[in-house]
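**Student:** Structure, please.
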Amino acid sequence: MSKKQLEAFFAKAKTDKRLQGQISDCGPNNSCIVAVGKSYGHKFSPATVSHWQRDHS
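**Tutor:** Numbering: from 1, shown residues only. Here you go, the predicted structure:
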């Protein structure tokens, strides 16, 4: 579930400049990315972000 939430969040970020800025402002802080995702209604963990980054870098 959380992987699908994360993928939906990043798909939204591709078209939303404001969201891209918020993610960029987080830098390497995955907990910050989780907090931004939560504010947009997406639920995932910092570990899910780490795995996604590893698989997509």
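**Student:** just the helices in this structure please.
**Tutor:** 2-15, 17-26, 30-39, 46-55 (DSSP state H).
**Student:** could the ones you listed go into JSON lines alongside mean neighbour count and mean pLDDT?
**Tutor:** For glycine as for every other residue, the C-beta is placed from the backbone atoms N, C-alpha and C. Below are these laid out as JSON lines (neighbours: other CB atoms under 10 Å; pLDDT from 0 to 100):
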{"stretch": "helix 2-15", "mean neighbour count": "15", "mean pLDDT": "94"}
{"stretch": "helix 17-26", "mean neighbour count": "13", "mean pLDDT": "97"}
{"stretch": "helix 30-39", "mean neighbour count": "17", "mean pLDDT": "97"}
{"stretch": "helix 46-55", "mean neighbour count": "14", "mean pLDDT": "94"}
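**Student:** ok, the most centrally placed residue in the chain - contacts?
**Tutor:** Centroid-nearest residue in the chain: residue 33, 4.9 Å away (criterion: CA atoms, centre = their mean). Contacts for residue 33 (CB atoms under 8 Å, 6 or more residues apart in numbering) come out as 23, 26, 46, 49.
**Student:** excluding its backbone neighbours, what's nearest the third one?
**Tutor:** In other words, residue 46. The shortest distance from residue 46 to any non-neighbouring residue, by CB to CB, 6 or more residues apart in numbering, is to residue 30 (3.8 Å).
**Student:** Thought residue 52 was touching the one you found, still the case?
**Tutor:** No: between residue 30 and residue 52 there is no contact under CB atoms under 8 Å: 9.5 Å.
**Student:** So what touches stretch 16-23?
**Tutor:** Against stretch 16-23 from outside (CB under 8 Å, 6+ apart): 12-14, 33, 36, 40.
**Student:** how about JSON lines for those, with distance to residue 56 added?
**Tutor:** Output for the contacts of stretch 16-23, formatted as JSON lines (distance: CB to CB, whole Å):
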{"residue": "12", "distance to residue 56": "16"}
{"residue": "13", "distance to residue 56": "12"}
{"residue": "14", "distance to residue 56": "12"}
{"residue": "33", "distance to residue 56": "13"}
{"residue": "36", "distance to residue 56": "17"}
{"residue": "40", "distance to residue 56": "19"}
